[in-house]
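**Q** please find the sequence and the predicted model below.
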Amino acid sequence: MKLIILDRDGVINHDSDAYIKSAEEWHAIAGSPEAIGRLTRAGWRVVVATNQSGVARGLFSAQELNRIHGKMRQEVAAAGGRIDAIFACPHHPDDACPCRKPRPGMFHDIARRYDQPLAGVPAIGDSLRDLHASTETGCQPWLVLTGNGLRARQHPDLPPDTQIRSNLAAVVDSLLTGDA
């Protein structure tokens with residue numbers, strides 16, 4: 001089974017410092033739904049791992065988060081793709097929960113769900129916390145320069161084996177052509 005793990009905000013959709021608080025505020029990055037569609041057609045299982053502390057902060061409810069994810073899934077489906085699972089950490093950063101990236105808890109949960117070691121599994125993010133969570137579980141980190149990616153690219157803690165591409169569509173191009 002070919003598995004890929006994607007962060008949500010800044011990778012699939014435009015991010016906001018004020019949080020994406022409603023389905024109406026959720027807007028896909030151009031080409032991202034189509035890129036997921038290409039992965040789906042190529043036989044990949046697409047899993048999203050996303051921090052969503054806006055729930056703990058009271059900025060939006062778990063029900064609204066489900067509406068946001070419903071919209072994301074609809075746009076991906078309209079592009080011929082499928083998101084197989086969404087793992088979301090709703091906790092506040094001060095809660096010190098094991099699932100909030102940069103901790104690897106969501107990645108361990110994904111490995112258990114799919115009964116698959118994550119060594120070499122591509123994990124795409126736009127921030128250091130995404131990359132650090134993925135490398136702790138042996139994933140291959142990919143940084144996209146959308147979202148917070150330009151800032152993360154300059155950070156001295158960038159994992160040395162990180163692949164860097166302009167956006168999710170460029171990552172998918174590399175994965176599907178073997179140019180990784």
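**A** Right, received. Where do you want to start? Residues are numbered from 1 along each chain as shown.

**Q** what segments of the chain are strands?
**A** Under the criterion DSSP state E, strands of the chain are mapped to 2-6, 44-51, 85-89, 122-125, 140-144, 163-165.

**Q** relative to its centroid, which residue of the chain is most remote?
**A** If you look at how far each residue of the chain sits from its centre, by CA atoms, centre = their mean, the farthest one is G58, at 22.3 Å.

**Q** returning to what we had before: any chance of the strands of the chain in TSV, plus distance to A30, mean neighbour count and mean pLDDT?
**A** C-beta here means a position set from N, CA and C on the backbone, and glycine is covered the same way. Shown next, in TSV, are the strands of the chain (distance: least, CB to CB, whole Å; neighbours: other CB atoms under 10 Å; pLDDT from 0 to 100):
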stretch	distance to A30	mean neighbour count	mean pLDDT
strand 2-6	16	21	98
strand 44-51	18	22	98
strand 85-89	21	18	98
strand 122-125	16	27	98
strand 140-144	13	26	98
strand 163-165	15	17	98
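
**Q** now those as JSON lines including distance to A111?
**A** Converted to JSON lines, the strands of the chain look like this (distance: least, CB to CB, whole Å):
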{"stretch": "strand 2-6", "distance to A111": "9"}
{"stretch": "strand 44-51", "distance to A111": "10"}
{"stretch": "strand 85-89", "distance to A111": "11"}
{"stretch": "strand 122-125", "distance to A111": "12"}
{"stretch": "strand 140-144", "distance to A111": "14"}
{"stretch": "strand 163-165", "distance to A111": "21"}
